[in-house]
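> Please find the sequence and the predicted model below.
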Amino acid sequence: QVHVVESGGGSAQAGDSLRLACVASGDTICISAMGWFRETPGKEREVVAGHNSGGGTYLRDSVKGRFTISRDYAKNTIYLQMNNLKVEDTAVYYCKVDPPAGPLPCSSDGYWGQGTRVTVSS
């Protein structure tokens, strides 16, 4: 199994920066793509950024130019650098780890962290 732990959330003013980190540990054969999602009350959890095992990245349109996702493969860690934060970025941010495709002893649903809260005030 894979244990996922996020850190780096907190309170910020609009325009400030925060950096989130997500560390995955455990069965490393089950660690492939890693990504960030966020959730606010009354809304579905949405993908914010993703990083696949081949180095490809994804950012949702609303954070492009402000957020950057990076990855330390050796540490099984991804980071989300969030600059020029906006009030609408307020959410609980979750990290998700997906296993590679194929018949592996991994959860096909992936692995989620417990989340880290980001609160941005004006």
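Structure received. Numbering: from 1, shown residues only.

> contacting residues for the residue nearest the centre of the chain?
The centre of the chain sits closest to residue 36, judged by Cα atoms, centre = their mean, with a distance of 2.2 Å. Residue 36 is in contact with 20, 22, 47-50, 69, 78, 80, 93-96, counting by Cβ atoms under 8 Å, 6 or more residues apart in numbering. Every residue, glycine included, has its C-beta placed from N, CA and C.

> Show me what it bridges to in the sheet.
Counting by DSSP bridges, residue 36 is bridged to residue 49, residue 95.

> for stretch 59-73, which positions count as buried?
59, 63, 67-69, 71 (16 or more other Cβ atoms under 10 Å).

> With stretch 47-60 instead?
48-51, 59.

> So the nearest residue to residue 104 once chain neighbours are set aside versus residue 8, what's the distance?
Among residues not flanking residue 104 along the chain, residue 29 sits closest, at 6.1 Å (Cβ to Cβ, 6 or more residues apart in numbering). Distance of residue 29 to residue 8, given as Cβ to Cβ, to the nearest Å: 27 Å.

> Neighbour count for the two, which is higher?
Remark: of residue 29 and residue 8, residue 8 carries more neighbours, 16 against 13, as counted by other Cβ atoms under 10 Å.

> Contact partners for that one?
18-21, 80, 116.

> Just give me the closest of these to residue 109.
Closest approach between the contacts of residue 8 and residue 109, by Cβ to Cβ: residue 116, at 20.6 Å.

> Apart from its neighbours in sequence, what residue is nearest the closest one?
With Cβ to Cβ, 6+ apart, the residue lying closest to residue 116 is residue 9, at 3.3 Å.
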